[in-house]
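Colleague: mind looking at a prediction? Sequence and model below.
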Amino acid sequence: MTMWSMCIYVSKIKRKFMLAMLLVGCVFSSFSQVTFKATAPNAVVLGEQFRLSYTLNDEGKDIRIAELPDFEILYGPSVSRSSNYSIVNGQMTSSVSNSFTYTLMAKKEGSFEIPPASIKVGNSEYKSNGLTIKVLPQDRAAANNNAGGGSSQGQSAQGGASSSSSGNVSSDEIFVRMHTSKNSMYENEGFLVTFKIYSLYDIVGFENYKFPEFEGFIAQEIELPENRQMNLENYNGRNYRTYVLKQTVLYPQRSGTITIPSGKIETVLRVRSQQRMRSIFDDFFDSYTNVKKALIINGGTVNVKPLPAGKPASFSGAVGDYKMTSSISPENVKANDAVTIKIDISGNGNIKLIKNPEIVFPNDFEIYDPKVNLNIKTSTSGVSGNKSIEYLAIPRYAGDFTIPSVAFSYFDIKSGTYKTLSTPEYKLHVEKGAGGNNAGNQVYSNFSNKEDLKFVGKDILYIKTDGFSFSKKDEYLFGKLSYILWYIIPTLLFIIFFIAYRKQARENANIALVRTKKANKVASKRLKTAGKLLKENKKEEFYDEVLKALWGYLSDKLNIPVSSLTKDNVEAELTKYGVEESLIKEFMNILNTCEFARYAPGQGSDEMDKLYDSTVNAIDKMENTIKK
């Protein structure tokens with residue numbers, strides 16, 4: 001066999017191998033899932049052509065579309081086919097795409113449904129998705145300019161834009177509007193704010209934008225997709241290209257009329273250049289230039305209604321629609337074993353701001369801080385999700401205990417009334433632990449799980465059996481000097497220690513006084529942690545820690561449980577102690593700032609530094625004012 005014939009033979013083998021691989025790829029592609037999808041613009045202009053396309057990822061035939069009485073079919077279907085084959089790591093993949101395109105024109109204005117189409121693939125029939133198309137009226141400017149003839153879709157989309165020069169873009173050709181889903185709502189009732197740009201020109205980009213501040217609201221920003229497209233919308237008789245810049249769900253924190261201030265944004269537009277001398281070629285080859293245009297984002301006002309009177313005792317500001325479930329695990333335990341009660345609150349509303357319900361455990365239970373898990377989703381319909389709270393307690397003694405029901409109240413917007421949800425009452429049976437009710441073991445834990453609890457200590461002390469010395473018979477200690485000293489010295493030491501520590505013992509017996517004296521020390525530790533979070537620029541954790549430091553300090557100083565603290569009773573108690581009004585106002589401002597800043601966007605490190613210094617100074621002033 002010659003070299004030439006060998007090359008021909010090898011070439012034939014390669015062709016057969018590649019053909020076999022393609023056939024194998026086609027066989028495997030036949031087992032892939034068949035998709036049949038319809039696409040069309042969301043909005044079109046009356047009297048203008050648009051395309052309705054159906055895409056199939058397989059070989060199909062006999063496509064059928066439903067009757068479209070609101071549209072005129074000008075052409076179609078136009079069929080196109082594409083195939084793709086690739087080999088990655090020795091594995092063959094292939095894909096096929098068939099498109100069926102119709103050219104339509106709307107007959108009247110309105111919103112119309114396009115029913116699903118059907119197509120046959122082999123012996124099976126598949127249906128596409130349905131579509132909704134909004135038909136807009138003709139652009140006012142385009143209709144006036146083309147009263148005697150038709151217009152193209154590109155001209156209508158820009159309206160009168162072609163008449164503007166590159167240096168003179170008017171305010172009615174591009175602007176930003178702020179949409180609110182409602183203008184009147186209750187306190188803590190969420191509503192949607194949308195910032196949308198309207199333009200008759202192609203937008204190249206955005207620069208130096210500053211959106212309005214949401215003072216008086218807690219804001220939850222909606223994460224928008226990066227690849228969102230511009231839509232067509234008719235406004236004041238003109239058809240604009242629209243683009244959503246920002247969407248935020250706001251929760252007003254006070255009643256009355258609240259103003260949302262204005263903002264600004266710079267856009268870069270693609271504008272047709274105006275030339276003094278035009279030739280026949282200018283009709284075919286237009287020139288464009290990029291123009292910067294500064295826009296003002298106009299603000300607005302909303303009317304916030306106060307919540308109705310008759311708030312239940314268990315109401316803590318929740319507004320929306322909620323459900324609550326609870327569970328206990330286990331119901332039968334031994335002394336020193338952990339018991340976990342889990343409460344789940346789910347629904348729509350300001351879930352992130354809901355205060356944890358308070359469970360009243362028996363006095364003999366050791367209670368730990370609850371563990372909170374938050375899972376929320378922010379969308380155009382508001383904030384929804386659930387808040388899960390786990391409470392850990394350890395019974396120290398055997399017996400039968402009752403854990404009372406827990407109530408959670410919220411204001412239902414739909415009915416305009418307060419509703420209360422309750423957990424069941426739990427019966428807990430505690431058996432004796434190893435060594436009795438209380439085995440003498442100490443328990444420590446850093447987490448709310450009984451698997452993480454450890455027991456330390458010993459329960460047996462051994463008797464010493466050697467190393468003793470015995471005295472002789474008829475030899476007595478009574479009457480000797482050492483005997484007298486054994487009585488006198490301990491008595492004198494007892495009197496000295498009794499006098500020295502009598503005051504300390506009285507103070508230690510007064511739990512409220514001990515808490516008051518240690519209030520500054522405990523707050524300093526929390527502020528030290530907040531300082532570390534400030535350096536690490538952990539915004540939400542920083543504000544949480546400052547809040548805990550302030551509420552904990554006020555609780556210890558005023559001898560009021562944290563669960564019972566409110567801004568109203570704190571202000572009243574501080575006034576009783578003779579605290580100046582300016583210092584009380586300073587504390588209230590710090591609390592409000594922390595609550596707002598945890599969720600408000602755009603808080604910088606300078607504001608966090610100022611808040612930290614203000615908190616330290618306020619606590620120092622309070623220590624000099626309230627002395628016990």
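Modeller: Perfect, thanks for sending it.
Colleague: domains of the chain?
Modeller: The record's domain parsing of the chain by automatic domain parsing lists 36-134, 140-305, 315-455, 511-625.
Colleague: how about JSON lines for these, with mean pLDDT added?
Modeller: Shown next, in JSON lines, are these (pLDDT from 0 to 100):
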{"stretch": "domain 36-134", "mean pLDDT": "86"}
{"stretch": "domain 140-305", "mean pLDDT": "78"}
{"stretch": "domain 315-455", "mean pLDDT": "82"}
{"stretch": "domain 511-625", "mean pLDDT": "77"}
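Colleague: quick one: closest of those to residue 494.
Modeller: domain 511-625 (24.7 Å; CB to CB). Any C-beta I mention is one placed from the backbone N, CA and C, and that applies to glycine too.
Colleague: so which elements touch whichever strand or helix holds residue 206?
Modeller: In this structure, residue 206 sits in strand 202-210 according to DSSP states H and E. Counting by 3 or more CB pairs under 8 Å, 6 or more residues apart in numbering; DSSP states H and E, the packing neighbours recorded for strand 202-210 are strand 238-252, strand 263-272.
Colleague: chain center to the longest one: distance?
Modeller: This points to strand 238-252. Between the centre of strand 238-252 and the centre of its host chain there is 19 Å, according to CA atoms, centre = their mean, to the nearest Å.
Colleague: neighbouring contacts of the helix or strand hosting residue 195?
Modeller: Residue 195 is part of strand 191-199 when elements are defined by DSSP H and E. Strand 191-199 is contacted from outside by 173-182, 185, 203, 211, 233, 235, 240-250, 260, 263, 265, 267, 269, 295, 297, 302, 380, 382, using CB atoms under 8 Å, 6 or more residues apart in numbering.
Colleague: tell me which strands it pairs with, and in which orientation.
Modeller: strand 174-180 (antiparallel), strand 238-252 (antiparallel) (DSSP bridges).
Colleague: tell me which of the domains of the chain sits nearest to residue 485.
Modeller: Short answer: domain 315-455, nearest of the domains of the chain by CB to CB, at 35.9 Å.
Colleague: how far away from the center of its chain is that closest one?
Modeller: Distance of domain 315-455 from its chain centroid, counting by CA atoms, centre = their mean, is 22 Å.
Colleague: which residue ranges of the stretch 251-400 of the chain form strands?
Modeller: 256-260, 263-272, 288-297, 300-305, 315-329, 332-334, 339-349, 365-367, 371-379, 382-395, 399-403 (DSSP state E, counting those that start in this stretch).
Colleague: quick one: closest of the ones you listed to residue 569.
Modeller: Judging these by CB to CB, what sits closest to residue 569 is strand 315-329, at 14.0 Å.
Colleague: am I right that residue 574 is in a helix?
Modeller: Yes: counting by DSSP: H, G, I helix; E, B strand; the rest coil, residue 574 is located in a helix.
Colleague: what's the neighbour count on it?
Modeller: 22 (other CB atoms under 10 Å).
Colleague: related to what we said a few turns ago, return the most buried member of the helices and strands packed on strand 202-210.
Modeller: strand 238-252 (a mean of 21; mean count of other CB atoms under 10 Å).
Colleague: list the buried ones in stretch 56-76?
Modeller: Under the neighbour-count criterion of 16 or more other CB atoms under 10 Å, stretch 56-76 has 56, 57, 58, 60, 63, 65, 68, 70, 71, 76 buried.
Colleague: of the residues you listed, closest to residue 363?
Modeller: Comparing these against residue 363 with CB to CB places residue 57 closest, at 68.6 Å.
Colleague: dihedrals phi and psi, the closest one?
Modeller: phi -90, psi 30 (degrees, to the nearest 10).
Colleague: now swap in the one 4 residues further on and tell me
Modeller: Dihedral angles of residue 61 (phi, psi; degrees, to the nearest 10) stand at phi -150, psi 170.
Colleague: for it, give the beta-bridge partners.
Modeller: With DSSP bridges as the rule, residue 61 is bridged to residue 120.
Colleague: before we move on, back to that, let's have the strands of the stretch 251-400 of the chain in a markdown table, adding distance to residue 104.
Modeller: Listed next are the strands of the stretch 251-400 of the chain as a markdown table, based on distance: least, CB to CB, whole Å:
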| stretch | distance to residue 104 |
| --- | --- |
| strand 256-260 | 41 |
| strand 263-272 | 28 |
| strand 288-297 | 30 |
| strand 300-305 | 39 |
| strand 315-329 | 42 |
| strand 332-334 | 71 |
| strand 339-349 | 39 |
| strand 365-367 | 69 |
| strand 371-379 | 32 |
| strand 382-395 | 36 |
| strand 399-403 | 67 |
